[in-house]
Every structure is written in structure tokens, then in C-alpha cells.
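Asks: build me a structure from this.
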Amino acid sequence: MTTVTSNDIQELKDLLSAMRQENREQMISLREETREQIDTLKEDNRQQLETLREENNKQFINLHKEITEVKIITAKIEGTIQSQAVLTQKIPDLIEKVGELKNWKQIAIVAITAFTSATITWFIREGNLKP
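Replies: As a prediction, this is how the structure comes out:
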């Protein structure tokens, strides 16, 4: 059997103390590295968020412009429709007048044909009105 001396115990205590000290230093180092990494990640996230905000703002502004343009175009179309509403109300009257013009054209054709045939007949008879 081996005996443990007080020197051995003291060496173990010193060794344990040194290991504790080394562990503490490693823990402190890990904490600092972790904090630095977290800070880096936070900064990256902030930058990404800022970039996304800027892009969203640009898209919102573009959408707002497009909506405004659509509203302007819609207003123009509505104005055109309203101005043409009066014209569409007059279409039945115009159709009726065109129908009357067709009748007048037929009457005029009949009258011209009658006049032409009467004139030809008069020339055939050598200008005599006697039967």
C-alpha cells in the first residue's frame, strides 16, 4: 500500500486550484467570444432589418404610385363613359332618323325613275303630249 503524504495532498490541491483557475479563464474567454458573436449577430440582424425596411418602403411607394395612376385612369374612363352616356341615349333617335332617310331615298329613287321614264316617253313621242 502506498501512503499519501501531505505533500501529495498539497500537490493535488494546487493542481485542482490551477485547473479551476484555467477553467474559469476558459469560461470567461468563452463568455466573451459568445458575447462578441451575439453582438455580431445582432448587428447583422439590424442591418438586414434596415435593408428590408428600406425595400418595403420603396415597394410601398411604388404601389402607392401605381394605385394613384390606376385611380387617375379610372377617373378618366368614368368621365368618358359619362360623356358618352348622353350619346348612347340619342342612338334610338338617330336610328329612327336613319330609317326615315332610307324611306326618303326610296321615294327619291322612285321620283327620279318616274321623271326619267316620263322624259324618255316624251322624247319617243317626239315632244307631243297627245295620245
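
Asks: how many other residues sit next to residue 16?
Replies: Neighbour count for residue 16, taken as other C-beta atoms under 10 Å: 10. All C-beta atoms are positioned from the backbone trio N, CA, C, and that covers glycine.

Asks: please report phi then psi for it.
Replies: Per-residue torsions, residue 16: phi -60, psi -40 (degrees, to the nearest 10).

Asks: helices or strands up against whichever helix or strand residue 73 is part of?
Replies: Assigned by DSSP states H and E, residue 73 belongs to helix 6-124. Of the remaining helices and strands, none touches helix 6-124 by 3 or more C-beta pairs under 8 Å, 6 or more residues apart in numbering; DSSP states H and E.

Asks: pLDDT score for residue 46?
Replies: For residue 46, the pLDDT comes out at 93.

Asks: quick one: average pLDDT of stretch 120-131?
Replies: For stretch 120-131, the per-residue pLDDT averages 70.

Asks: ignore what I typed, I meant stretch 5-23.
Replies: Stretch 5-23 comes out with an average pLDDT of 89.

Asks: list the buried residues in stretch 44-55.
Replies: Within stretch 44-55, no residue is scored as buried using 16 or more other C-beta atoms under 10 Å.

Asks: off-centre distance for that stretch?
Replies: 24 Å (C-alpha atoms, centre = their mean, to the nearest Å).

Asks: so what touches that stretch?
Replies: Outside stretch 44-55, not one residue touches it by C-beta atoms under 8 Å, 6 or more residues apart in numbering.

Asks: residue 62: neighbour count?
Replies: For residue 62, the neighbour count with other C-beta under 10 Å is 10.

Asks: do the one 10 residues further on as well
Replies: Residue 72 has 10 neighbouring residues, counting by other C-beta under 10 Å.

Asks: likewise for residue 116?
Replies: 10.

Asks: quick one: contacts for it?
Replies: Residue 116 neighbours (C-beta under 8 Å, 6+ apart): none.
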